[in-house]
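Colleague: Next one to model:
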Amino acid sequence: MADRYAAALYAHAEDINALSAVVADMESLGRLIDQSADFRRLMGSPLIDVNQARTAATAVLSGEGFGKPVQDFVGVVTSNRRLRYLREIVSAFSALVAQKRGIVTAYVTTAHPLTDLQRQQLLARLIEAGYGNVNIAETVDPSLLGGMVLRIGARLYDTSLKSRLQRLQFAMKGAA
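Modeller: Sure thing, here's the model as predicted:
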């Protein structure tokens, strides 16, 4: 469902020659959703009437300086009673834009935040491996203890200390 809405917005933005503005607005909308608890409450509340929700969402977006195509899009999403899925739609739109531009996203999970040097070295290795345009999406999971888990496309590279210890544990159980 989110992919259909994302594809429709992308096609509309191309038709009106406003793709770069819509892409920037959708990135800002993602940040707004992530940072504003009030806006998330508006999105998730089943008690708010559709017309009131559309009016409130449009008022927030116009107050934040969003362009008319994104305001209209959020209005359509709200009218179709899909406002609670807006974050998923924004993510699907970002993925579609990246795909159209030939950008691959590498999802990196580490035990500690990456330093700038580590980030540059990882990016260099990925380019070396044949991934030309790469965006790195980082998350931190202290339970990994060390190392990293890298997911790029359908490939998964797990060099975490946690998984190495688990493999060792399974190997020791098999030897006993």
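Colleague: tell me which element residue 74 is part of?
Modeller: helix 68-79 (DSSP states H and E).
Colleague: again with residue 90
Modeller: Residue 90 is part of helix 86-100 when elements are defined by DSSP H and E.
Colleague: So what angle separates the directions of that helix and helix 68-79?
Modeller: Computed with axes from the mean of the first three to the mean of the last three CA atoms, to 10 degrees, the direction of helix 86-100 lies at 130 degrees from that of helix 68-79.
Colleague: Dump the helix holding residue 74 to PDB, restricted to CA.
Modeller: What follows is helix 68-79, C-alpha atoms only, in PDB (Å, rounded to 0.1, in the frame of the first residue of the first chain):
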ATOM      1  CA  LYS A  68       1.400  22.500  -2.200                       C
ATOM      2  CA  PRO A  69       2.000  19.100  -3.800                       C
ATOM      3  CA  VAL A  70       3.000  17.600  -0.400                       C
ATOM      4  CA  GLN A  71       0.200  19.300   1.400                       C
ATOM      5  CA  ASP A  72      -2.300  18.000  -1.200                       C
ATOM      6  CA  PHE A  73      -0.800  14.500  -1.000                       C
ATOM      7  CA  VAL A  74      -1.100  14.400   2.800                       C
ATOM      8  CA  GLY A  75      -4.700  15.600   2.300                       C
ATOM      9  CA  VAL A  76      -5.400  12.700   0.000                       C
ATOM     10  CA  VAL A  77      -3.800  10.200   2.300                       C
ATOM     11  CA  THR A  78      -5.900  11.600   5.200                       C
ATOM     12  CA  SER A  79      -9.100  11.500   3.200                       C
END
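Colleague: contacts for that helix?
Modeller: The contact list for helix 68-79 (CB atoms under 8 Å, 6 or more residues apart in numbering) reads 5, 9, 12-13, 16, 18, 21-22, 25-26, 29, 50, 53-54, 57-58, 61-62, 83, 85-86, 89. (C-beta placed from N, C-alpha, C; glycine too.)
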